[in-house]
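*Asks:* would you be able to build a 3D model of this:
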Amino acid sequence: MLTDCIPFILGICLYNCDTKNEIFMNLRAEAFFETNNYSQPYKNDLDKCNITFTFNDPDKEVQIIVIKTELFYDEKSALFLNRTTWDAYYTKTYSFKDHYPKKWEVPYTFYAQFGYISFEPKETPRCMVETKTPMFIYNELEIIFIQSDWMYLNIPSDSCHWKFETNETYGFKVMMKYYEPTLISSLQIKNSTDIFINKRSAKIQHPYYNSDNYLQIDVYKSENVSLRAFEATVTVVKKIKKQTNKCHVNDTDPNLITWNIDTLPDLFNIYCSYTLIVPNTNVEYDVNVANFPLERNADFLRYTYEDVDGLNTTVYVDGNIGNITWFTLLGYQNGSERRYFWEYELDGSFPSFGNKGKGFGCFQKIDPWLSRGSDRVVLLQL
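*Replies:* Take a look at the predicted model:
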């Protein structure tokens, strides 16, 4: 009897890099796999991580569905990155060491991975991660990706039904990544008592929070539709007040003011604020947020200041594609000091795409009469 299985969600096995045996799977079988102690960095030789899954029936056609979240820690650039991918393989075997990213693809010092694998019929797979009984989500680091079909394979499905549960200290967060209402006859997202999202009210890239510890998502596709219609992520958010003691200011050097945040794993439900004072027109502060993407509409970095008409203006900034990531903060033209009230807010979940900032760097004072170089200032540094 194999002893590599670690009981996990719904009794499905979890396997890690200590697995010594090849894992044989039946049709529609599911499993989870991870580098040891995910989300901690795995510091051993990745080529010796011998997680291998093989389909039991050599004569039957099958597709292997793999969804994985990868964490990259790069000491040289002080970056912490993550990405999630899902793939379909028309093979009988999937091995971890054949699919982890090589360092010439993504530079990193340490790496961690958590994945889900399913062996599905080649022509008629289920809806993505669909289960008959509720899937239990234990904490913020578990992000479930759901989709109305597998990997854009254009395979018809009439409906999809997902059920989730968590413990009493958490509520749910749902973020729709893709939604095409013309391809859906009905959409219902509900808790244990009420429907709180339907086809008409649903918005993409908008976080929906619900304090109930039960969640159900039902998607009914239009007749004879085989196109992608619905994608979402589901995770949990702890029911606690925002933490306000995670930020630390060092302004002993007036030319370089640092504003830092505690490191993982405490980057949930955080609110920080800081007032930057630009004393006069002889001083400017350059800002660079290019390396600081945040989860859209869920995490926020913003500053508020008084404009020339005496009105308060709030500006949202981060390093997401399409945003302005380099700008300068100025004093008043009459020579008086100007205040910029900065706020940094993280919700209670790990992001499904992008980064939670581990800490963010500095305001640096510059001489406004000198030419500006590209290496001048970092406001936010992961």
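*Asks:* and the closest residue to Phe96 other than its chain neighbours, how far from Asp251?
*Replies:* Taking Cβ to Cβ, 6 or more residues apart in numbering as the measure, Phe96 lies nearest to Ile51, with 4.0 Å between them; neighbours along the chain are not counted. (Glycine included, C-beta is placed from N, CA and C.) Counting by Cβ to Cβ, to the nearest Å, the separation of Ile51 from Asp251 is 48 Å.
*Asks:* these two: which has the busier surroundings?
*Replies:* Between Ile51 and Asp251, counted using other Cβ atoms under 10 Å, Ile51 has the larger neighbour count: 24 against 13.
*Asks:* residue contacts, the more buried one?
*Replies:* Ile51 sits next to Tyr15, Asn16, Cys17, Thr19, Ile23, Phe33, Ser95, Phe96, Lys97 when contact means Cβ atoms under 8 Å, 6 or more residues apart in numbering.
*Asks:* neighbour-wise, which one of these leads?
*Replies:* Phe33 (27 neighbours).
*Asks:* what lines up beside the host helix or strand of it in the sheet?
*Replies:* Assignment of secondary structure by DSSP states H and E places Phe33 within strand 30-34. Each strand pairing with strand 30-34, determined using DSSP bridges, is listed with its direction: strand 13-15 (parallel), strand 110-121 (antiparallel).
*Asks:* pick out the shakiest of the ones you listed, pLDDT-wise.
*Replies:* Within the strands paired with strand 30-34, confidence is poorest for strand 110-121, with a mean of 86 (mean pLDDT).
*Asks:* that one: how far from the chain's middle?
*Replies:* Centroid displacement of strand 110-121 relative to its chain, using Cα atoms, centre = their mean, to the nearest Å, is 16 Å.
*Asks:* do stretch 244-254 as well
*Replies:* When distances are taken as Cα atoms, centre = their mean, stretch 244-254 is centred 27 Å away from the chain's centroid.
*Asks:* buried set for it?
*Replies:* Buried residues in stretch 244-254, defined by neighbour count with 16 or more other Cβ atoms under 10 Å: Lys246, Cys247.
*Asks:* likewise stretch 41-57?
*Replies:* So, applying 16+ other Cβ under 10 Å, buried residues of stretch 41-57: Pro41, Tyr42, Leu46, Cys49, Asn50, Ile51, Thr52, Phe53, Thr54, Phe55.
*Asks:* which one of the residues you listed is nearest Phe110?
*Replies:* Pro41 (3.3 Å; Cβ to Cβ).
*Asks:* which residue ranges of the stretch 101-250 of the chain form strands?
*Replies:* 110-121, 135-136, 144-147, 159-165, 170-179, 184-190, 195-198, 207-210, 214-221, 230-238, 247-250 (DSSP state E, counting those that start in this stretch).
*Asks:* elements contacting the last one?
*Replies:* Where contact means 3 or more Cβ pairs under 8 Å, 6 or more residues apart in numbering; DSSP states H and E, strand 247-250 is packed against strand 256-261, strand 270-278.
*Asks:* nearest to Lys177, of the ones you listed?
*Replies:* Proximity of those to Lys177 was assessed by Cβ to Cβ; the nearest stretch is strand 270-278, lying at 24.0 Å.
*Asks:* show me what the closest one is packed up against.
*Replies:* For strand 270-278, the elements it packs on are strand 247-250, strand 256-261, strand 284-288, strand 326-330, strand 338-346, judged by 3+ Cβ pairs under 8 Å, 6+ apart.
*Asks:* could you rerun that using 6 Å?
*Replies:* Packed against strand 270-278, as judged by 3 or more Cβ pairs under 6 Å, 6 or more residues apart in numbering; DSSP states H and E, are the following elements: strand 338-346.
*Asks:* before we move on, back to that, just send the helices and strands packed on strand 247-250 back as JSON lines, with distance to Gln147 too.
*Replies:* Shown next, in JSON lines, are the helices and strands packed on strand 247-250 (distance: least, Cβ to Cβ, whole Å):
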{"stretch": "strand 256-261", "distance to Gln147": "33"}
{"stretch": "strand 270-278", "distance to Gln147": "30"}
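*Asks:* mean pLDDT lowest where, among those?
*Replies:* Among those, strand 256-261 carries the lowest mean pLDDT (a mean of 69).
*Asks:* ok, and the closest non-adjacent residue to Ala7?
*Replies:* No, residue 7 isn't Ala; it's Pro. Closest residue in space to Pro7, ignoring its immediate chain neighbours: Cys13 at 6.9 Å, by Cβ to Cβ, 6+ apart.
*Asks:* pretty sure the one you found is in contact with Asp4, am I right?
*Replies:* No. Applying Cβ atoms under 6 Å, one finds Cys13 not in contact with Asp4, separated by 7.9 Å.
*Asks:* comparing those two, which shows the higher neighbour count?
*Replies:* Set Cys13 next to Asp4 and count neighbours by other Cβ under 10 Å: Cys13 wins out with 19 against 16.
*Asks:* the more buried one and Tyr208, how far apart?
*Replies:* 31 Å.
*Asks:* ok, now Thr233?
*Replies:* Distance of Thr233 to Tyr208, given as Cβ to Cβ: 11 Å.
*Asks:* and if you look at Phe268?
*Replies:* The value you get for Phe268 to Tyr208, if Cβ to Cβ is used, is 18 Å.
*Asks:* these two: who's more crowded?
*Replies:* Of the pair Phe268 and Tyr208, Phe268 is the one with more neighbours under other Cβ under 10 Å, namely 21 against 17.
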